[in-house]
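Undergrad: Let's see this in three dimensions:
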Amino acid sequence: MLFTMGLPHITKDLPGTEGMIRETLEDFTVEEVPVFEPSGEGEHLFVNLTKRGISTRKLALDLAAQFGLGRTGVGFAGLKDLRSVSTQTLSLHLGRITDDEIADVGRTIEATVPVKVNWLRPHTRKLRAGQLLGNRFSINITELSLDPEEALARARKIAAVLGSGGLPNYYGPQRVDEDNIRRGYEIIKGTHPRRVRNKWLRRLLVSSYLDHLYNLYLQERLERGEFHRLLKGDIAKKHSTGGLFLVEDPDTEAARYEAGEISFTAPIFGPRMWWAEGPSGDLEREIFDKSDITLEELRSLDVRGTRRLGRTLPEITIRKSERGLNVCFFLPKGAYATMVLREIMKNEVR
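TA: Predicted coordinates:
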């Protein structure tokens, strides 16, 4: 089993602000950025709402129960943190209903679920996982021991580095904590002491180990000095379109990489994953060979494998606030805000 925690910082030579986040729910706000707007007609009612202290999954279950919908009757694009104030859209499969009935749905939701409904609009299709561009974050760092001006200067210096060269798109500790990683490995190897009957939980635990291997790939690439450049054989991604392509000549693509137009992708291992080639592929196989799992074991668990963007390039704005610092940025879907905050603070944040 390949297991290690404590991921390296890309700004390790720059001192952080320290401090804390999530002193209150309002210190961590998230706004989902959609990939499309609802059409205004159809059987699926899109509900944009703001929630406090409730997980997306729990909210979806509550809405399904309230309107007599099955598990597939409620859709959402992404999971938002329990310990936050989050604005996102969910869809309810209510059939074609009138404007007055739509208004009644909004009032019913606010009366029975601890949320504020911002707008409601019908659409022809269900909102599905992954149908978002990303999320905007506004996060307060509080309990600073530094002088506020010094903390601001440190944070802005780190933010400039992250914005120009990017940071590893690590999975956060919410996803890859030590217990989940070990349990996922045991499920893959068939040595878990108890059968995990819940399909969603079993899939989550298996993914945790594979996401851990992805993190280790990024860690190894960073420590070898190969994060800020492309390697021959990389599978790169175009930020504007999402298209993937094989890097045959890193020198030819270097300008686009430095400009933030493209980035390398990293492996989420599985039998249907597109493997990198050349030096990049050698590193992937080195990580996989040390993992003590096989593609056959993953295939038996219906794991396919995919690729994930290896770096993010957040544009970060930071200002002083009454209680410390306010940090604002956008991240593409699937990226973790806590990975930006750990660079700025040099704390392990959750």
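Undergrad: right, and Leu298 touches Gly270 too?
TA: Yes. Here Leu298 lies in contact with Gly270, judged by CB atoms under 8 Å, at a distance of 5.2 Å. The way it works is simple: take the backbone N, C-alpha and C, and place the C-beta from them, glycine included.
Undergrad: got any residues that touch both of the two?
TA: Shared contacts of Leu298 and Gly270, defined by CB atoms under 8 Å, 6 or more residues apart in numbering, comprise Leu210, Gly305.
Undergrad: Between those two, which has more neighbouring residues?
TA: Leu298 (20 against 16; other CB atoms under 10 Å).
Undergrad: Pull the contacting residues for that one.
TA: Contacts of Leu298 (CB under 8 Å, 6+ apart): Ile188, Leu210, Phe269, Gly270, Pro271, Gly305.
Undergrad: Confirm the second one sits in a helix?
TA: I take that to be Leu210. Yes. With the criterion set as DSSP: H, G, I helix; E, B strand; the rest coil, the secondary structure at Leu210 is a helix.
Undergrad: so where do the helices sit in the stretch 51-200 of the chain?
TA: 56-66, 99-112, 148-165, 178-189, 199-223 (DSSP state H, counting those that start in this stretch).
Undergrad: got CSV for those helices, with mean pLDDT too?
TA: Formatted as CSV, the entries for the helices of the stretch 51-200 of the chain read as follows, by pLDDT from 0 to 100:
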stretch, mean pLDDT
helix 56-66, 94
helix 99-112, 95
helix 148-165, 96
helix 178-189, 93
helix 199-223, 95
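Undergrad: Pull the contacting residues for Leu244.
TA: Remark: with contacts taken as CB under 8 Å, 6+ apart, Leu244 is in contact with Ile235, Ala236, Lys237, Lys238, Thr265, Trp274, Arg307.
Undergrad: Equivalent analysis for Leu341, please.
TA: Shown in contact with Leu341 (CB under 8 Å, 6+ apart): Ile21, Ile139, Ile141, Val327, Asn347, Val349.
Undergrad: Lowest pLDDT pick from the residues you listed?
TA: On pLDDT alone, Val349 ranks lowest of the contacts of Leu341, at 70.
Undergrad: so who does that residue touch?
TA: If you count contacts by CB under 8 Å, 6+ apart, then Val349 has Ile21, Thr338, Leu341, Arg342 around it.
Undergrad: which of the residues you listed has the most neighbours?
TA: With neighbours set by other CB under 10 Å, the maximum within the contacts of Val349 is found at Leu341, which has 25 neighbours.
Undergrad: Would you mind measuring from that residue to Gly165?
TA: As judged by CB to CB, to the nearest Å, Leu341 and Gly165 stand 18 Å apart.
Undergrad: what does Lys199 give?
TA: When Lys199 is compared with Gly165 (using CB to CB), they lie 40 Å apart.
Undergrad: So for stretch 71-84, first residue to last residue, what's the gap.
TA: Stretch 71-84 has an end-to-end distance of 24 Å (criterion: CA to CA, to the nearest Å).
Undergrad: Show me which residues of it are buried.
TA: By neighbour count on 16 or more other CB atoms under 10 Å, the buried set for stretch 71-84 is Gly73, Val74, Gly75, Phe76, Ala77, Gly78, Lys80, Asp81, Leu82, Arg83, Ser84.
Undergrad: Same check on stretch 50-63?
TA: Applying 16+ other CB under 10 Å to stretch 50-63 flags Lys51, Ile54, Ser55, Thr56, Leu59, Ala60, Asp62, Leu63 as buried.
Undergrad: farthest pair in these?
TA: Across those, no pair lies farther apart than Ser55 and Leu63, at 12.6 Å, counting by CB to CB.
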